[in-house]
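**Student:** Got a predicted structure here, sequence first:
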Amino acid sequence: MKKQTVNSRPAGPKPWYDPRVRALFFQVISLAVVFWVGWVLIDNTLSNMQSRGISTGFGFLGESAGFGIIMHLVPFDATMSYGRTFWVGLTNTLLVSAMGVVAATILGFVIGVARLSSNWLVAKISLVYIEVIRNIPLLLQIFFWYFAVLSNLPSPRQSVEVGGALFLNNRGLYLPGPVTQEGFGLVWVAILVAIVAVVGVRMWAKKRQMATGQIFPTFKVSVAILILLPLMVFFSAGQPLEWDVPALKGFNFGGGITLIPELVALWIALSLYTASFIAEIVRSGILSVSQGQTEASKALGLPNGLTLRLVVIPQAMRVIIPPLTSQYLNLVKNSSLATAIGYPDLVAVFMGTTLNQTGQAVEVVAITMAVYLTISLLISLFMNLYNRAVAIKER
Amino acid sequence: MKSMRSVAFGMACVAGALTTTSVFAATTLESVKEKGHLQCGVTSGLPGFSQPDEKGAWTGIDVDTCRAVAAAIFGDAKAVEFTPLTAKERFTALQSGEIDMLSRNTTWTLTRDVSLGLNFAGVNYYDGQGFLVNKDIGVDDATQLDGATVCIQAGTTTELNLSDYFRTKGMEFKPIVFDTSEQTVQGFAAGRCDVLTSDRSQLAALRSKLTDPSSAKILPNTISKEPLGPVVRQGDDQWFNIVKWVLSVQINAEELGITMANADEMLKSDNPSVQRLLGTDGDMGAKLGLPDDFGHAIVKQVGNYAEMYDRNVGPDTALGLERGINALWTDGGILYAPPVR
């Protein structure tokens, strides 16, 4: 094709007057310049660091860290390596981000819908919530939830106690931790069976509804299966579960599961803050669905709840998803404010203590940036896939 | 063809701009003289060491170390500009040339000295790590701290010392790491932790920031050695020598009894050590690339070590620290400066 068009011209222009050759030439030059500048920057940094006697390289990741971290999802103690501190920080960042995304989404949808409610009080409360929360800097909110709430909680010896198993004090929330005994495997099997059964029921109910128009109470039945089946197995297996109840040892509680206040404060602040933005996104999405759709659905006799769930929300999702993705990305990046209240996230642990003890700023900062970039790109990727699934299918 | 030439020209410009950045400027002394002031990195606010007073003027023992260097170079202790830095930022600021010297309550360790491209030019305060505890928990000694929650400031050697101490004693602890010393105190005050750990010189100052200072006490244990001192970039020996000898001059001045008040009078002294230090005899200044009367300028404007100490952290200040090991070797301390000769 290309050759033909070039040849078909009676007297082609000289190559340097040919717009396509020119375009290609300049693109190649631009690309070469970009790469060259990048290479010069890296080379310059490395040679300067070497000439100033600053150590470089990633060898430090294998050295032992020598400092403690209060919360770790992967096994950690001070004798482990700096590389391990990276994983501790990363998992802590992922944990608070995931918790934040879930809570912010649920809260944001509820408030966004409530904002459009015909109930005056509900709509105004949502309005006030949105306007107050989204207009106060996040860092201040984190400080509020941390210091304001923390200083009002009692000390470990005067803990708020619920049934001798749940304790709340200024060191955190202590819950009994489940310890599975022999025979608990059966319960897992029961849960798995219940899930399969629920999926089966849903498919069958949908098929039946398509064929006969009869509605089956899928939700109630699903919940019943999910709860009753594992419970029955649990009791018939002789209750193979014990609880590790937290108890006061010395200054602090030990045993069970601890939710440290840093995590809780950060989680609450991130969720509330992001939810206020998500609420507005949800509102704009719902308002983008034309009134005619709601009217048509009402005309079919669908109640309010079903109209929202089956007609409005699916169409609104197409408008909601792209800005929602941005909010998720913001939430993950905002989680790095953790460092202000001492939650051991990636920035606090790896770009904080590890950077400081090793002094390898360039490497540590590069790794941290690469991690945030990767997390964000992955979120974008999944949200784009989801968006494609809910987008209008042109038929 | 014209456009190609302009592209080539543009590339040459970019190349020029990039290569000039990699060429080293003149020596630190020359560049400091050229801009007319010393750029000194200090803390963002640490009583006794570096903190702006109510008029906005920086005071503290670390600040005076900078002022002494400025006095030596310019004969003017005020020719300093201060860059407040967090513990995390300090080394990068020095490495990148943003500051000429770092005088920020910084512990001299092998790793920092060797792998950061920096040199420690001496010690202006010998410190050690200690514990501040709430009186309520009824602890009298650090060995009773098993299971305690500890507040620490990020980016300091304290994190490692703490971990080492508890590990070797077979005790457990939970660290809460805050970004700044203000947040650390706030966390301690809010009851988030049982113990606050930092250099002993700091604990007294931090305790005074509590709403009720009598509710907390400092434990007698010292768990580490923290020699704090000024830091310079590696590779400029002249500058390294200047900072090192300015500090030595202050310590020697105390030993020789030269003070701010009698510095002028001492110019007439016939003690050869005093003459060499004040520049009335010999060419000590010229050897360092400084004016010959640099010693006189330091003592006259900033004072000897004792004056610097007493003014900022001594018994009559809010910190109220006794000289202890920071006394001269002749007074039972470990301050021993090499002779100026």
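**Tutor:** Yep, that arrived.

**Student:** ok, and for stretch A:154-170, which residues are buried?
**Tutor:** For stretch A:154-170, the neighbour count (16 or more other Cβ atoms under 10 Å in any protein chain shown) marks A:156, A:159, A:166-170 as buried. C-beta here means a position set from N, CA and C on the backbone, and glycine is covered the same way.

**Student:** can you check stretch A:181-201 too?
**Tutor:** Across stretch A:181-201, burial judged by 16+ other Cβ under 10 Å covers A:184, A:187, A:190, A:194, A:198.

**Student:** circling back to that earlier point, check the buried residues of stretch A:154-170 one by one and keep those near chain B.
**Tutor:** By Cβ under 8 Å from any Cβ of the partner chain, the members of the buried residues of stretch A:154-170 lying near chain B are A:Asn170.

**Student:** tell me which parts of the stretch 151-300 of chain A are close to chain B?
**Tutor:** Residues of the stretch 151-300 of chain A lying near chain B (Cβ under 8 Å from any Cβ): A:151, A:153, A:155, A:170-171, A:249-252, A:254, A:261-262.

**Student:** Which single one of those is nearest to A:Val28?
**Tutor:** Nearest to A:Val28 among these is A:Glu262, at 51.9 Å by Cβ to Cβ.

**Student:** if I look at the closest one, how far off is A:Gly172?
**Tutor:** Distance of A:Glu262 to A:Gly172, given as Cβ to Cβ, to the nearest Å: 9 Å.

**Student:** For the stretch 101-250 of chain A, which segments count as strands?
**Tutor:** Taking DSSP state E, counting those that start in this stretch, the strands of the stretch 101-250 of chain A run over residues A:160-162, A:166-169, A:172-175, A:177-180, A:241-244, A:247-249.

**Student:** and A:Thr368, which of the ones you listed is closest to it?
**Tutor:** Closest approach to A:Thr368 among the strands of the stretch 101-250 of chain A (Cβ to Cβ): strand A:172-175, 26.8 Å.

**Student:** which SSE is the residue of the stretch 251-395 of chain A found nearest chain B in?
**Tutor:** Closest to chain B within the stretch 251-395 of chain A is A:Asn356: 4.0 Å, counting by Cβ to the nearest Cβ. According to DSSP states H and E, A:Asn356 maps onto helix A:355-358.

**Student:** Tell me who's in contact with residue 51.
**Tutor:** In the absence of a named chain, this looks at chain A. Applying Cβ atoms under 8 Å, 6 or more residues apart in numbering or on different chains to A:Ser51 gives the contacts B:Gly235.

**Student:** Let me rephrase: I mean chain B.
**Tutor:** B:43, B:45, B:58-60.

**Student:** Among the residues you listed, list the two that are farthest apart in space.
**Tutor:** Greatest spatial distance among the contacts of B:Gln51 (Cβ to Cβ): B:Thr43 and B:Thr59, at 11.9 Å.

**Student:** Which of these two has more residues huddled nearby?
**Tutor:** Neighbours were counted for B:Thr43 and for B:Thr59 using other Cβ atoms under 10 Å in any protein chain shown; B:Thr43 has more, 25 against 18.

**Student:** which ones are touching the nearest residue to that one once chain neighbours are set aside?
**Tutor:** Spatial nearest neighbour of B:Thr43, chain neighbours left out: B:Ser50 (4.7 Å); criterion: Cβ to Cβ, 6 or more residues apart in numbering or on different chains. Contact analysis of B:Ser50 by Cβ under 8 Å, 6+ apart lists B:42-43, B:58-60, B:62-63, B:82, B:84, B:103-105.

**Student:** Look at residue 2 and report its pLDDT.
**Tutor:** The chain I'm using is chain A. With respect to pLDDT, A:Lys2 has a value of 49.

**Student:** that's the other chain; I wanted chain B
**Tutor:** In this prediction B:Lys2 is given a pLDDT of 43.

**Student:** just to revisit the earlier point, could I get the buried residues of stretch A:154-170 as CSV with pLDDT?
**Tutor:** CSV is the format used below for these (pLDDT from 0 to 100):
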residue, pLDDT
A:Pro156, 82
A:Ser159, 84
A:Leu166, 84
A:Phe167, 87
A:Leu168, 88
A:Asn169, 86
A:Asn170, 85
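
**Student:** Let me know the closest of the buried residues of stretch A:154-170 to chain B.
**Tutor:** Using Cβ to the nearest Cβ, the buried residues of stretch A:154-170 come closest to chain B at A:Asn170, 4.5 Å.

**Student:** which parts of the stretch 101-250 of chain B sit against chain A?
**Tutor:** For the stretch 101-250 of chain B, the residues in contact with chain A (Cβ under 8 Å from any Cβ) are B:111-112, B:115-117, B:136-137, B:146-149, B:151, B:154-156, B:159-160, B:162-164, B:166-167, B:173-179, B:183, B:186-187, B:189-192, B:194, B:233-235.

**Student:** In strands only, show me these.
**Tutor:** Using DSSP state E, B:148-149, B:151, B:173-178, B:233 are the members of these that sit in strands.

**Student:** among those, which ones are buried?
**Tutor:** Members of those classed as buried by 16+ other Cβ under 10 Å are B:148-149, B:151, B:173-178, B:233.

**Student:** For the helix or strand where B:Glu81 lies, which helices and strands make contact with it?
**Tutor:** Assigned by DSSP H and E, B:Glu81 belongs to strand B:80-84. On a contact count with 3 or more Cβ pairs under 8 Å, 6 or more residues apart in numbering or on different chains; DSSP states H and E, strand B:80-84 meets strand B:38-42, helix B:61-74.

**Student:** Grab the nearest non-local neighbour of A:Phe162.
**Tutor:** Actually, residue A:162 is Val. It isn't Phe. Counting by Cβ to Cβ, 6+ apart, A:Leu168 is the residue found nearest to A:Val162 once chain neighbours are left out, at 7.8 Å.

**Student:** Just list whatever residues bridge to that neighbour.
**Tutor:** A:Val160, A:Leu173 (DSSP bridges).

**Student:** ok, and the closest non-adjacent residue to B:Leu162?
**Tutor:** Spatial nearest neighbour of B:Leu162, excluding adjacent residues (Cβ to Cβ, 6+ apart): B:Thr197 at 5.5 Å.

**Student:** Can you name the next helix or strand after the strand or helix carrying the one you found?
**Tutor:** B:Thr197 is part of strand B:195-199 when elements are defined by DSSP H and E. Heading C-terminal from strand B:195-199, the first helix or strand you meet, by DSSP H and E, is helix B:200-208.
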